[in-house]
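K.L.:
Curious how this folds, go ahead:
(one chain, ligands or ions: 2)
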Amino acid sequence: MAKSPDQEHPCKAFGWAARDKSGLLSPLCFSRRENGDEDVTIKILFCGVCHSDLHVAKNEWGFTNYPVVPGHEMVGTVMKVGSDVKKFKVGERVGVGVIVGSCKKCESCQQDLENYCPQTIFTYNSHYTDGTKTYGGYSDMIVVDERYVLRFPDNLPLEGGAPLLCAGITVYSPMKYYGMTEPGKHLGVAGLGGLGHVAVKMGKAFGLKVTVISSSPKKETEAIERLGADSFLVTSDPAKMKAALGTMDYIIDTVSAVHPLLPLLSLLKLNGKLVTVGLPDKPLELPIFPLVLGRKLVGGSDIGGMKETQEMLDFCAKHGIAADVEVIQMDYINTAMERLAKSDVRYRFVIDVASSLSQ
Ligand code: NAP
Ligand code: ZN
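P.N.:
Ligands and ions are numbered 1, 2, ... in the order given. Below you'll find the predicted structure:
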């Protein structure tokens with residue numbers, strides 16, 4: 001018979017887990033493996049709340065394996081290192097993102113694209129090679145192979161830096177890969193949530209003109225005054241949408257729910273690029289005519305590899321980019337999830353794990 005989560009491994013751990021598709025989280029005692037030769041044991045200090053955590057907690061993608069401890073935007077302090085660990089020392093600040101393992105041998109892994117390895121081990125709701133389940137960062141500690149641990153730059157704030165581990169790399173990687181960084185070009189950011197608001201800041205750091213494309217008129221002032229966007233479009237305002245037709249070079253689409261792509265494709269110029277990173281629970285409809293007639297491109301992108309994630313953290317540290325966060329205690333998580341479902345967050349919840357997790 002399979003062992004219970006608290007009996008599987010020698011290291012006691014404590015976190016909050018969803019147990020069914022209500023998505024409600026409650027305390028869970030579980031366990032982590034003993035620190036191996038290439039492992040780093042981390043005391044978790046802060047963990048961001050990504051919309052993917054909500055999709056998985058509520059089984060919106062259909063593959064949740066309960067109980068699930070979400071959380072893949074964590075920063076913490078190194079407590080222990082294995083004898084073969086080269087990159088980290090006890091006491092250093094580190095980050096862990098969406099993946100904690102991959103095969104290390106395939107073409108993707110060899111190109112530093114561990115995120116596209118067919119055997120990627122995700123930080124939660126996944127399995128280690130020994131068959132035991134992975135549990136995420138809504139918990140007090142984690143043991144991770146050093147390859148999947150990031151150096152956390154000294155001048156990045158812990159709270160505001162944590163969301164970069166998923167939200168940050170998810171928008172940085174496609175901007176680089178799809179060539180969306182040419183200074184002076186016009187970037188649209190669809191959906192002003194956790195991913196979107198970081199995309200605005202990165203777009204400005206790359207020297208782009210940035211327009212937010214949002215369903216929430218009340219975010220306009222903040223988008224411009226606080227986040228630095230150049231302009232703001234509300235999708236429900238036909239006159240403004242019409243005036244902006246054919247004006248954008250690129251759009252990054254971070255919307256978490258099913259939405260029409262036609263209005264976004266119509267905003268693009270000839271040869272424009274629409275990159276979708278949002279992961280709604282149902283397929284989106286792809287209008288072919290505007291694609292074909294405007295030689296436009298639609299692409300996707302999934303987080304980023306470890307090397308690029310480190311590059312992104314260093315880029316953010318250099319440009320003073322961090323997420324705008326609402327720091328919460330662990331026992332606020334169910335209210336936070338309800339608010340996240342309603343796009344009511346400015347602009348990322350981050351759990352103060354160290355001060356609020358006690359058994
Ligand atoms: P978030 O903070 O909830 O932001 C999503 C934004 O989408 C909302 O703030 C809202 O912006 C807009 N939105 C939500 N519902 C909408 C609706 N019904 N119609 C139109 N717009 C709507 O979420 P997030 O953490 O940024 O994540 C966004 C999506 O990316 C999620 O699906 C998540 O799972 C996915 N994701 C993908 C990757 C990847 O590697 N590809 C990584 C992380 C997350 P406005 O109020 O401005 O309209
Ligand atoms: Zn995420």
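K.L.:
Going by C-alpha atoms from here, please, whenever you check contacts or count neighbours.
P.N.:
Noted.
K.L.:
Helices along the stretch 201-350 of the chain, start to end?
P.N.:
Taking DSSP state H, counting those that start in this stretch to define them, one finds helices in the stretch 201-350 of the chain at 220-221, 238-243, 262-267, 288-293, 306-319, 333-341.
K.L.:
quick one, which of those helices is nearest to ligand 1?
P.N.:
Taking C-alpha to the nearest ligand atom, helix 333-341 is the member of the helices of the stretch 201-350 of the chain nearest to ligand 1, at 5.3 Å.
K.L.:
For the closest one, give the mean pLDDT please.
P.N.:
Averaging pLDDT along helix 333-341 gives 98.
K.L.:
Which positions in stretch 194-213 come out as buried?
P.N.:
Within stretch 194-213, the residues scored as buried using 16 or more other C-alpha atoms under 10 Å are 194-206, 208-213.
K.L.:
Please apply the same query to stretch 124-133.
P.N.:
In stretch 124-133, counting by 16+ other C-alpha under 10 Å, buried: 124-128, 132-133.
K.L.:
Quick one: mean pLDDT for that stretch?
P.N.:
95.
K.L.:
For that stretch, what is the distance to the chain centroid?
P.N.:
20 Å (C-alpha atoms, centre = their mean, to the nearest Å).
K.L.:
now do stretch 18-37
P.N.:
With C-alpha atoms, centre = their mean, you get 19 Å for stretch 18-37.
K.L.:
what residues does that stretch touch?
P.N.:
4-17, 41, 54, 57-59, 66-69, 80-85, 142-143, 333-334, 359 (C-alpha atoms under 8 Å, 6 or more residues apart in numbering).
K.L.:
Which ones among these map onto helices?
P.N.:
54, 57, 333-334 (DSSP state H).
K.L.:
ok, which of those residues also contact ligand 1?
P.N.:
The overlap between the ones in helices among the contacts of stretch 18-37 and the neighbours of ligand 1 (C-alpha under 6 Å from any ligand atom) is empty.
K.L.:
Nearest to Met241 among the residues you listed?
P.N.:
Leu54 (30.3 Å; C-alpha to C-alpha).
K.L.:
I'd like to know how many residues surround the closest one.
P.N.:
22 (other C-alpha atoms under 10 Å).
K.L.:
Number of residues surrounding the closest residue in space to Val90 that isn't next to it in sequence?
P.N.:
In space, not counting the residues next to it along the chain, Val90 is nearest to Val78; the distance is 4.9 Å by C-alpha to C-alpha, 6 or more residues apart in numbering. Val78: 22 surrounding residues under other C-alpha under 10 Å.
K.L.:
ok, is stretch 182-193 in contact with ligand 1 or not?
P.N.:
Yes. Contact of stretch 182-193 with ligand 1 (C-alpha under 6 Å from any ligand atom) involves 191-193.
K.L.:
quick one: low-confidence parts of this structure?
P.N.:
1, 358-359 (pLDDT under 70).
K.L.:
Pull up the residues of it that are close to ligand 1.
P.N.:
Residues of the chain lying near ligand 1 (C-alpha under 6 Å from any ligand atom): 50-52, 166-167, 170, 191-196, 214-216, 254-257, 259, 277-280, 301-303, 340, 343.
K.L.:
Export the residues of stretch 182-193 next to ligand 1 as JSON lines, with columns for neighbour count, secondary structure and distance to Asn115.
P.N.:
JSON lines is the format used below for the residues of stretch 182-193 next to ligand 1 (neighbours: other C-alpha atoms under 10 Å; DSSP: H, G, I helix; E, B strand; the rest coil; distance: C-alpha to C-alpha, whole Å):
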{"residue": "Gly191", "neighbour count": "22", "secondary structure": "coil", "distance to Asn115": "24"}
{"residue": "Leu192", "neighbour count": "26", "secondary structure": "coil", "distance to Asn115": "25"}
{"residue": "Gly193", "neighbour count": "23", "secondary structure": "coil", "distance to Asn115": "23"}
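K.L.:
Going by distance to ligand 2, which of those residues wins?
P.N.:
Gly193 (11.8 Å; C-alpha to the ion).
K.L.:
mind listing what the closest residue to the closest one other than its chain neighbours touches?
P.N.:
Leaving aside its sequence neighbours, Gly193 sits nearest to Tyr347 (C-alpha to C-alpha, 6+ apart; 5.5 Å). Contact analysis of Tyr347 by C-alpha under 8 Å, 6+ apart lists 192-194, 197, 323-326.
K.L.:
rerun at 6 Å
P.N.:
By C-alpha atoms under 6 Å, 6 or more residues apart in numbering, the contact set of Tyr347 is 193-194, 324-325.
K.L.:
if I look at it, how far off is His9?
P.N.:
Taken as C-alpha to C-alpha, to the nearest Å, the spacing of Tyr347 relative to His9 amounts to 36 Å.
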